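Chemist: Here is my input; please provide its structure:
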Amino acid sequence: MRTMLARIALTLSLLVPVWFVAAALGSKFDLWSWRIGLGVMIVQWGPRILIGTAILGLVALIVTLARAPRAGWRAALVALLIPLLGLGYLFWVRSQSADIPPIHDVATNIDDPPTYSPALLAVREGEGANPVAPLSAPITSLPAYQGPRFAPLQGKTLGQVGREAYPEVRTLTVAAPPADAFAAAQAEVEAQGWTLVGADPATGAIEATAETFWFGFKDDVAVRVRPAPGGGSLIDMRSTSRVGLSDLGANAERIEDYLDAVEDRLGED
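Modeler: Model (predicted):
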């Protein structure tokens, strides 16, 4: 009986990762919406499932160790450790996200950010995505940013919040002429595996859409290459999530990684 309890606990614990993978991939392949996969299956039910399986694993471990023969205690221990690791990861993500501002639109140049074409904006609107608001707009004036949660951001613009959170996200200045910088920028977009929406060497504008592996979240990207005063090129970038108020820092990280890679392509440090 004790061995059977340990086996049941282990089986349920092993199914926990399957639950989380199913939640993410089900959203990615449109079996259900991201609100179901992330909001319900993970945010709402995930902690409950982890706590429940952890309690079952703990009970099984106590029962198997209570008296000899202590058969099944190893299975019960693994059954306890799996959900505990999951809970630890969830708490770590939550603690990390507490320090990240709830924004989903980040750019290197908040005073003159790259813009998206009407065609791409129409795609976003057709999918019911976040509107692309001016980075100069007061953040609490936007409909999605109402309520006491956003009171600390009162008086700041969307761009200012991003700059304060990610001061390292800045315009990349390179010595390469605009034609070479544009070629490197487009090559890196393709190397990243993003879907190229448009590239115009005449204006230096590149548009693409990045999709995350988990959940299949789509973020739109605009890159702009312009001549720098005195020679060389200025490369700006904007990355905007289609859904969710907070990107958990993904857009800023994407911009930093991309611009570093472009700099490497051009052989500049």
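Chemist: Poorly predicted segments of the protein, please.
Modeler: The model of the chain has pLDDT under 70 over residues 269.
Chemist: Leu61: what's it in contact with?
Modeler: The neighbours of Leu61, taking C-beta atoms under 8 Å, 6 or more residues apart in numbering as the test, are 6, 73, 76-77, 79-80. Glycine gets a C-beta too; all of them are placed from N, C-alpha and C.
Chemist: any idea which of those is closest to Leu15?
Modeler: Checking those against Leu15 by C-beta to C-beta gives Ala79 as the nearest, at 10.8 Å.
Chemist: number of nearby residues for that closest one?
Modeler: 29 (other C-beta atoms under 10 Å).
Chemist: Roughly how far does it sit from Tyr116?
Modeler: As for Ala79, its distance to Tyr116 is 49 Å (criterion: C-beta to C-beta, to the nearest Å).
Chemist: again, but for Ala107
Modeler: 11 Å.
Chemist: list residues touching both of the two?
Modeler: Contacts common to Ala107 and Tyr116, judged by C-beta under 8 Å, 6+ apart, are Arg238.
Chemist: Which one of the two is surrounded by more residues?
Modeler: Per other C-beta under 10 Å, whichever of Ala107 and Tyr116 has more neighbours is Ala107, with 28 against 21.
Chemist: Need phi/psi at that one.
Modeler: phi -140, psi 160 (degrees, to the nearest 10).
Chemist: and what of the one 3 residues further on?
Modeler: Its backbone dihedrals place Ile110 at phi -80, psi -20, with angles given as degrees, to the nearest 10.
Chemist: number of nearby residues for it?
Modeler: Neighbours of Ile110 (other C-beta under 10 Å): 20.
Chemist: out of everything not next to it in sequence, what's closest to it?
Modeler: Distances taken as C-beta to C-beta, 6 or more residues apart in numbering place Gly159 nearest to Ile110, at 3.0 Å, with adjacent residues excluded.
Chemist: For Ile103, see how far away that neighbour is.
Modeler: Applying C-beta to C-beta to Gly159 and Ile103 gives a distance of 9 Å.
Chemist: intersection of neighbour lists for these two?
Modeler: Common neighbours of Gly159 and Ile103 (C-beta under 8 Å, 6+ apart) do not exist.
Chemist: Now do the same contact list for Ala107.
Modeler: 113-114, 135, 159, 162, 169, 236-239, 255.
Chemist: no, scratch that, I was asking about Ile100
Modeler: Here Ile100 is in contact with 165, 246, 248-249 (C-beta under 8 Å, 6+ apart).
Chemist: Let's have those residues in a markdown table, adding distance to Ser13 and secondary structure.
Modeler: Output for the contacts of Ile100, formatted as a markdown table (distance: C-beta to C-beta, whole Å; DSSP: H, G, I helix; E, B strand; the rest coil):
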| residue | distance to Ser13 | secondary structure |
| --- | --- | --- |
| Ala165 | 37 | helix |
| Ser246 | 30 | coil |
| Leu248 | 27 | coil |
| Gly249 | 30 | coil |
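Chemist: Can you tell me which of these are buried?
Modeler: Gly249 (16 or more other C-beta atoms under 10 Å).
Chemist: Just the buried residues of the host helix or strand of Asp219, please?
Modeler: In the assignment (DSSP states H and E), Asp219 maps to strand 218-227. Neighbour counts using 16+ other C-beta under 10 Å place 218-226 of strand 218-227 among the buried residues.
Chemist: now stretch 234-245
Modeler: Quick answer for stretch 234-245 (16+ other C-beta under 10 Å): 234-244.
Chemist: With stretch 155-169 instead?
Modeler: Buried, per 16+ other C-beta under 10 Å, within stretch 155-169: 156-163, 166, 169.
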